[in-house]
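K.L.:
Just a sequence and a predicted model for now, questions to come.
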Amino acid sequence: AQTVTQSQPEMSVQEAETVTLSCTYDTSESDYYLFWYKQPPSRQMILVIRQEAYKQQNATENRFSVNFQKAAKSFSLKISDSQLGDAAMYFCAYRRNTGNQFYFGTGTSLTVIP
Amino acid sequence: KAGVTQTPRYLIKTRGQQVTLSCSPISGHRSVSWYQQTPGQGLQFLFEYFSETQRNKGNFPGRFSGRQFSNSRSEMNVSTLELGDSALYLCASSTDREKGYTFGSGTRLTVV
């Protein structure tokens, strides 16, 4: 069974600083997708970044980047130059390549300190 | 373009009642998935519909059901509500599995 673990229930970062959110997962599949979603108080889940498991290069989207370690089954999110608008709940998620179901971690609540 | 629209945003029901939640996907999206989010269990997959057919179902009792219409709009129904059904119900739509999913803002269901 696929499981996703986020070991940091809460994190805080000073505005303009860098923070890294951790995520590990367990799967026997070789082809899959990994995601980071952001859920602000508006409740909508917003896609932050996506990584295909077959790609060795780490995905990057502006200030957001990942450190994908396939052998270690680790998928951390780095937020650079943190902004007040980055404050939200962040969920790591896994999906099989042939599947349509997301498996989510328990989330990390990120606070950005002005 | 319009996003995924879920109605209503908030709902209060009494134990034993039934409820229907609605999800209108982004235009052109044929896949609609539903998730339940609770503080205790986190985000759990309910089911997915594609072209009016249920493709996959999560581990929920038969009280939870859904359907999809020819215009891709989807509804989920929960019968004989229990206190534990109180949750945020999120809907997500997609054109296909490769392109990723867009989530709505959810319906907050409170069962009293």
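P.N.:
Ah, there it is. Numbering: from 1, shown residues only, chains lettered A, B, ... in the order given.
K.L.:
where exactly do the strands run in chain B?
P.N.:
For chain B, strands defined by DSSP state E occupy the ranges B:5-7, B:10-13, B:19-24, B:31-38, B:42-50, B:53-57, B:64-68, B:74-78, B:87-94, B:102-103, B:107-111.
K.L.:
And chain A, by the same measure?
P.N.:
A:3-5, A:10-14, A:19-21, A:24-26, A:32-39, A:46-52, A:60-61, A:64-69, A:74-79, A:88-96, A:103-104, A:108-113.
K.L.:
Buried residues of the fourth one, list them for me.
P.N.:
It stands for strand A:24-26. A:24, A:25 (16 or more other Cβ atoms under 10 Å in any protein chain shown). For glycine as for every other residue, the C-beta is placed from the backbone atoms N, C-alpha and C.
K.L.:
how about it, does it reach chain B?
P.N.:
No. Residues of strand A:24-26 are not located near chain B by Cβ under 8 Å from any Cβ of the partner chain, the shortest gap being 14.2 Å.
K.L.:
ditto for the first one
P.N.:
No. Under the criterion of Cβ under 8 Å from any Cβ, chain B is not reached by strand A:3-5; the shortest gap measures 9.4 Å.
K.L.:
now for that strand, which elements pack on it?
P.N.:
strand A:24-26, strand A:88-96, strand A:103-104 (3 or more Cβ pairs under 8 Å, 6 or more residues apart in numbering or on different chains; DSSP states H and E).
K.L.:
JSON lines for these, including distance to residue A:34?
P.N.:
Formatted as JSON lines, the helices and strands packed on strand A:3-5 follow (distance: least, Cβ to Cβ, whole Å):
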{"stretch": "strand A:24-26", "distance to residue A:34": "7"}
{"stretch": "strand A:88-96", "distance to residue A:34": "6"}
{"stretch": "strand A:103-104", "distance to residue A:34": "10"}
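K.L.:
Determine which of those approaches residue B:19 most closely.
P.N.:
strand A:103-104 (23.3 Å; Cβ to Cβ).
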